[in-house]
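Asks: Pasting the sequence and the predicted coordinates here, then a few questions.
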Amino acid sequence: MASTSSRPNAATNQCPPLENQLKKRAPRRRVKRDGPLQLQFLTATDPSDFKNEDTRRSVRSQAMVYHRSKPKKPAVLHQKRAGGPVTKKEPIISVFVDDHPGHTPGGLKGSVIRQQRHGNAIILKTGCDAHTSAALERGPQPHQRLPATRGLPRLAKGHVDSNGDEHTQSQEERVFRRFMARIANLYQVGDGVDPFRALPSFKSPEVDSLFLKRNCMRVFASDMFNVKWLPAMLSYPDVLLSSSIIAAVWLDLHEERTSDSKQTVLLKAEIFDMIKGRLQKASTQSSDSTIMIVMHLLTGEIFGSNERALRVHEHGLARLLLHRGGLSRLGNEPLAETCTACCFHGNLISEAEPLPAFATYQIAVDPILLDDSTIPESPLFCLRADFTTIANDSRCSPFTCDLLRDMRDLTNLFIAHESALEVQRRVSEVDAAYAKDSDVEYSSKVTAIRKRLTRLPSAHVSNLPTFNDWVYEACRITALIYAASIILRLPFSVTADPCQNPLVAELEASDCLGSGTSLLDMRLSETLYTVLQRTNIADLWNKMSGVFYWVSTVGAAAARSPSVIHETRQCQSRDEKWVRRCFAIFSTRTMIKLVFNHPKPVLLAQKRLLNIQRLIARHGEDHNAWKSEEKILVHGS
């Protein structure tokens, strides 16, 4: 009993001191503040300091002060008591991104600003969340815009496919999110997204390396790019930096520059220094990373349509590969395929012969490609009996599909006929009759395709199913250049001149163009560019990406007018050089997007178009040789 009665007494003896302490503690006085609530900044020397008790108490205190400083709402409380309807208020904090280029500081794409609005709402402007993977994972909320990078001006105007835009934006967001997740989880510590300079940067302060790298990933990367190319970029800072040249030239295009900007010139100079330093070291002289840097520089020259510099870089790349034993012994198939595709692409838009180091690269056709429903089909590449991927695209009308079939058949006929002619040179005269019959069959089929092409109506003609179908119109104009080159054995740059293209004369004689439209007013490449701007080029025509590559590559080669190629005299107009630059960038972006996902279809299509250009050029050489012999005979007689 004594023990049980002693416990309450012990408790009683301990309680009074605690109560006395609570009574003696002075109540906190609320601090009256004049003006808007001020920010409270936390500083620490180590990230773990942000989790200590004093810091957390300070944050809770600041939150409570903010809560108590909010003005009361008697009207709403009265309605609640009276049982009346309560209107939903806007959220106290609204978040949005100020991505206007004119208000973007150089070092930081967005700054943190808090200000009082209407006495009770705080606006938070921040662009830094766009650089973190966590922010990119979040979807758009009802009162929240998605964090965005600096917006690029849209080059193409007019008809836009909303579904294509959504697909492209989601793909770019997904690729960029993966890229940033692979680099680091960056948080706002300091006054920028990279306060500790963890990412590699250029020596020149005028080159914004982070901004260029982000735009490079947004515009050119694909899903397979992350698997095949990104690991090497993240392993070697020079490779990551050199890729910025692609984005720099792309931004020059959107600023409507016909030549390199100061930033692009500085960037190229630093990449040259990178290559020079690597060539002086035996360990990096012909390494994969050095080859990638040279490829990035070569791609930048393709964008700029500088054929002389392009050829120099191509020869340099060939020497590096020769030092490694050739493409077949490189030991890195994605690198070999990408090298070949980039050089082939430069040869196509320059109408040049590929170097032997790349022309001899063997491309095996994988039967699995027949089961791939996403392969980029075009008049240059169709493994199946008929188009499958193209036919499933909503923007490919039956008229467009029939036109593309004719161009595919014309391609096959021309290559088969020229191959037969090569065989004829090595056979006896006994087979001459068979060769003559094959020539007649070839001529009749080509004539039928030519008639169908010249009778196709323009998309400008109203009251027809093809009215305002600008994908169809772009394919039609490309077909006029392409078919005339094959039929007449003339380069694309020649048949783009309407005065030297007989198919244009046949169209003008018919009533297919509609009133007020004529193809004689400008070069066909400029007309094609005008039409192409009315399509949605952001998604590369989606399932018709192979066709878009055919259109833009033929357009880039066709834009090689004499005044653009030979810069000894001034161009006839600024548009000539501008159009060629745009076509080069459109086609190169398509090639980069496709080569990582579908390398073999891209390479096979490129080799086929190179073969056509070679056969056309050989016919021109034979024709010139025959002309020279004729002159010698005439003068000799």
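Replies: Right, received. Where do you want to start?

Asks: how about Ser525, what does it touch?
Replies: Counting by C-beta atoms under 8 Å, 6 or more residues apart in numbering, Ser525 touches Ile481, Ala496, Gly555, Ala558, Ala559, Ser561, Val579, Arg580, Phe583. For every residue, glycine as well, the C-beta is placed using N, CA and C.

Asks: meant to ask about Glu256
Replies: Counted by C-beta under 8 Å, 6+ apart, Glu256 has contacts Trp578.

Asks: just checking, it is part of a strand?
Replies: No. Checked against DSSP: H, G, I helix; E, B strand; the rest coil, Glu256 lies outside a strand; its state is coil.

Asks: any idea how far it lies from Phe387?
Replies: 36 Å (C-beta to C-beta, to the nearest Å).

Asks: Equivalent analysis for Ala282, please.
Replies: 51 Å.

Asks: Please say which of the two ends up with more neighbours.
Replies: Phe387 (21 against 8; other C-beta atoms under 10 Å).

Asks: The more buried one - nearest residue in space that isn't next to it in sequence?
Replies: Glu377 (5.2 Å; C-beta to C-beta, 6 or more residues apart in numbering).

Asks: And that neighbour, its phi and psi?
Replies: phi -80, psi 150 (degrees, to the nearest 10).

Asks: List the residues that contact it.
Replies: Glu377 neighbours (C-beta under 8 Å, 6+ apart): Phe387, Thr388, Thr389, Ile390, Gly546, Val547.

Asks: can we see that at 6 Å?
Replies: Phe387, Thr389, Ile390, Gly546 (C-beta atoms under 6 Å, 6 or more residues apart in numbering).

Asks: Check it and give its pLDDT.
Replies: With respect to pLDDT, Glu377 scores 94.

Asks: again with Asp223
Replies: pLDDT for Asp223: 83.

Asks: what about it, distance to Arg324?
Replies: 28 Å.

Asks: now do Leu210
Replies: Counting by C-beta to C-beta, the gap from Leu210 to Arg324 is 33 Å.

Asks: now swap in Asn536 and tell me
Replies: Asn536 sits 41 Å away from Arg324 when distances are taken as C-beta to C-beta.

Asks: Columns secondary structure and distance to Gly346 on top of the contacts of Ser525, output as TSV?
Replies: Output for the contacts of Ser525, formatted as TSV (DSSP: H, G, I helix; E, B strand; the rest coil; distance: C-beta to C-beta, whole Å):
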residue	secondary structure	distance to Gly346
Ile481	helix	20
Ala496	coil	19
Gly555	helix	15
Ala558	helix	16
Ala559	coil	15
Ser561	coil	19
Val579	helix	18
Arg580	helix	14
Phe583	helix	13
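
Asks: now, among those residues, which is nearest to Pro47?
Replies: Nearest to Pro47 among these is Phe583, at 50.4 Å by C-beta to C-beta.

Asks: quick one: low-confidence ranges for the stretch 251-400 of the chain?
Replies: 369-370 (pLDDT under 70).

Asks: mind listing the helices for it?
Replies: Remark: helices assigned in the stretch 251-400 of the chain by DSSP state H, counting those that start in this stretch are 262-279, 288-304, 307-323, 333-350, 356-359, 398-424.

Asks: Now do the third one and helix 262-279, the angle between them.
Replies: An angle of 20 degrees separates the directions of helix 307-323 and helix 262-279 when computed by axes from the mean of the first three to the mean of the last three C-alpha atoms, to 10 degrees.

Asks: residues near Tyr361, how many?
Replies: 21.

Asks: If you could redo that for Trp470, that was the one I meant.
Replies: 19.

Asks: Can I get the contacts of Glu377 in CSV including distance to Ser261?
Replies: Converted to CSV, these look like this (distance: C-beta to C-beta, whole Å):
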residue, distance to Ser261
Phe387, 41
Thr389, 38
Ile390, 37
Gly546, 32
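
Asks: And the contacts of Ser525, which is closest to Thr55?
Replies: Phe583 (57.8 Å).

Asks: so that closest one touches Gly555, yeah?
Replies: Yes. With contact defined as C-beta atoms under 6 Å, Phe583 reaches Gly555; the gap is 4.3 Å.

Asks: Comparing these two, which shows the higher neighbour count?
Replies: Gly555 (30 against 26).

Asks: Can you give me the distance of the more buried one to Phe586?
Replies: Distance from Gly555 to Phe586, by C-beta to C-beta: 8 Å.

Asks: do Pro356 as well
Replies: Taken as C-beta to C-beta, the span from Pro356 to Phe586 is 29 Å.

Asks: Which one's more surrounded, those two?
Replies: Phe586 (24 against 11).

Asks: Does the more buried one touch Ser552 like I think?
Replies: Yes. Using C-beta under 6 Å, Phe586 is in contact with Ser552, at 4.2 Å.

Asks: How about the secondary structure of Ala556?
Replies: Here Ala556 takes the helix state, with states given by three-state DSSP.

Asks: how about it, what does it touch?
Replies: Ile349, Phe583, Ala584, Ser587.

Asks: can I see the domain layout of this protein?
Replies: 89-197, 200-359, 374-633 (automatic domain parsing).

Asks: average pLDDT for the first one?
Replies: Averaging pLDDT along domain 89-197 gives 42.

Asks: what about Ile390, how many residues close to it?
Replies: Applying other C-beta under 10 Å, I find that Ile390 has 24 neighbouring residues.

Asks: So it sits against Cys396, correct?
Replies: Yes. Assessed by C-beta under 6 Å, Ile390 is found in contact with Cys396 at 5.2 Å.

Asks: Now list whatever residues contact both of the two.
Replies: With C-beta under 6 Å, 6+ apart as the test, Ile390 and Cys396 both reach Met544.

Asks: Any chance of a markdown table for the helices of the stretch 251-400 of the chain, columns distance to Thr530?
Replies: Shown next, in a markdown table, are those (distance: least, C-beta to C-beta, whole Å):
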| stretch | distance to Thr530 |
| --- | --- |
| helix 262-279 | 26 |
| helix 288-304 | 21 |
| helix 307-323 | 25 |
| helix 333-350 | 19 |
| helix 356-359 | 34 |
| helix 398-424 | 18 |
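
Asks: how about those helices, which one is nearest Pro465?
Replies: Judged by C-beta to C-beta, the one of the helices of the stretch 251-400 of the chain that comes nearest to Pro465 is helix 398-424, at 6.7 Å.

Asks: tell me what whichever helix or strand comes after that closest one is packed against?
Replies: For helix 398-424, the following helix or strand on the C-terminal side (DSSP states H and E) is helix 432-454. Applying 3 or more C-beta pairs under 6 Å, 6 or more residues apart in numbering; DSSP states H and E, one finds that helix 432-454 contacts helix 398-424, helix 502-509.

Asks: export those to TSV and tack on mean neighbour count?
Replies: Below are the helices and strands packed on helix 432-454 laid out as TSV (neighbours: other C-beta atoms under 10 Å):
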stretch	mean neighbour count
helix 398-424	17
helix 502-509	17
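
Asks: of all the ones you listed, which lies closest to Ser287?
Replies: helix 398-424 (38.2 Å).

Asks: Now Ser58: which helix or strand?
Replies: Applying DSSP H and E, one finds Ser58 within helix 53-69.

Asks: one step back: how about the helices and strands packed on helix 432-454, which one is nearest Ile486?
Replies: Using C-beta to C-beta, these put helix 398-424 closest to Ile486, at 4.9 Å.

Asks: Between helix 432-454 and that closest one, find me the angle.
Replies: Using the same axes, to 10 degrees: helix 398-424 against helix 432-454 is 160 degrees.

Asks: other SSEs contacting helix 398-424?
Replies: In terms of contacts (3+ C-beta pairs under 6 Å, 6+ apart), helix 398-424 is packed against helix 432-454, helix 470-488.

Asks: again, 7 Å this time
Replies: Contact here means 3 or more C-beta pairs under 7 Å, 6 or more residues apart in numbering; DSSP states H and E; on that basis helix 398-424 packs against helix 432-454, helix 470-488, helix 599-636.

Asks: Give me whichever of those is most buried.
Replies: helix 470-488 (a mean of 24; mean count of other C-beta atoms under 10 Å).
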